[in-house]
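Peer 1: no FASTA, just this:
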C-alpha cells in the first residue's frame, strides 16, 4: 500500500487559471513522482523529488511546477492551465534503497 | 522504436485459460523490470518485480529474456477478476528517477 492520498480527486477548471494538485504520503519515503496518463501514451513523468526541497524535471515538465516543503507532501502546480493538460495525474512514491513505485488514486483534471 | 512496447490487445480468454503477454525494451542495459495491473479509472498497482531471470507469485510468472530484450507475464488459470490492463515498466538504470512505461496490454477474461 502506497499510503498516498491525492486531492482533489476530480477537478474542472478553465483555461488560463492556476491549479494545484496535492499528493500526501503517510510514509516518509524519500522519492515522490508526478505522472500524467493519456490515451495512447504510457505514464509520463512530469517532475520528481528526491528529498525536501529537492526536485527535478521529467520529460513533460513544461507548464508545470512542483514544491516539496515537507517529506509527506508533494504539490504540482499548473501555472496557467491549458486544454492539453486535461489528463489523469498520478502521484507515486518510492522508498530509498528499493526500486518499486507505489501510486496514489489519481486526480482527473479537465481544462475547458 | 519505442523504448518499451506492448501489444495493446485486447486479449479475450475464457476463464481457466493460460495467457501470456510480452513486453520488449530497447535499452539493453536496463536492470529493473516491473509488471503493474491497472483497472479502469484506477491507479496502477504493482503486480511483480523482475530483477534476474524471473519471478513467480501464485498464478503469475514473469520471465526476463535479456538476449532478446523482452519480459513476459504468464497468467495461469485465469479468473474473471484478472480482467484489467497490464503495464510493463522498465527502469533503464536502477536507482535513477527514470521509469519507462508501456502503454499496456488489455486482458478480458470471459465467463
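Peer 2: Received, thanks. Please read these numbers as outputs of a predicted model, since none were measured by experiment.

Peer 1: Return the nearest residue of chain A with respect to chain B.
Peer 2: The nearest approach of chain A to chain B comes at residue A:42, 3.2 Å away (Cβ to the nearest Cβ). All C-beta spots, glycine's among them, are computed from the backbone N, C-alpha and C.

Peer 1: Could I get the phi/psi values of that residue?
Peer 2: In terms of degrees, to the nearest 10, the main-chain angles of residue A:42 are phi -70, psi 170.

Peer 1: do residue A:83 as well
Peer 2: Main-chain torsions, residue A:83, degrees, to the nearest 10: phi -60, psi -30.

Peer 1: quick one: contacts for residue 108?
Peer 2: In the absence of a named chain, chain A is used. By Cβ atoms under 8 Å, 6 or more residues apart in numbering or on different chains, residue A:108 lies in contact with A:9, A:10, A:11, A:88, B:41.

Peer 1: Chain B, not that one
Peer 2: B:10, B:11, B:12, B:13, B:83 are the contacts of residue B:108 under Cβ under 8 Å, 6+ apart.

Peer 1: Run a quick neighbour tally on the residue of chain A closest to chain B.
Peer 2: By other Cβ atoms under 10 Å in any protein chain shown, 21 other residues sit near residue A:42.

Peer 1: Flag every residue of chain B that's near chain A.
Peer 2: Those residues of chain B that sit near chain A, judged by Cβ under 8 Å from any Cβ of the partner chain, are B:4, B:32, B:34, B:41-46, B:49, B:87, B:89, B:91, B:94-95, B:97-104.

Peer 1: Sort out which of the residues you listed are in strands and list them.
Peer 2: B:4, B:32, B:34, B:44, B:45, B:46, B:49, B:87, B:89, B:91, B:100, B:101 (DSSP state E).
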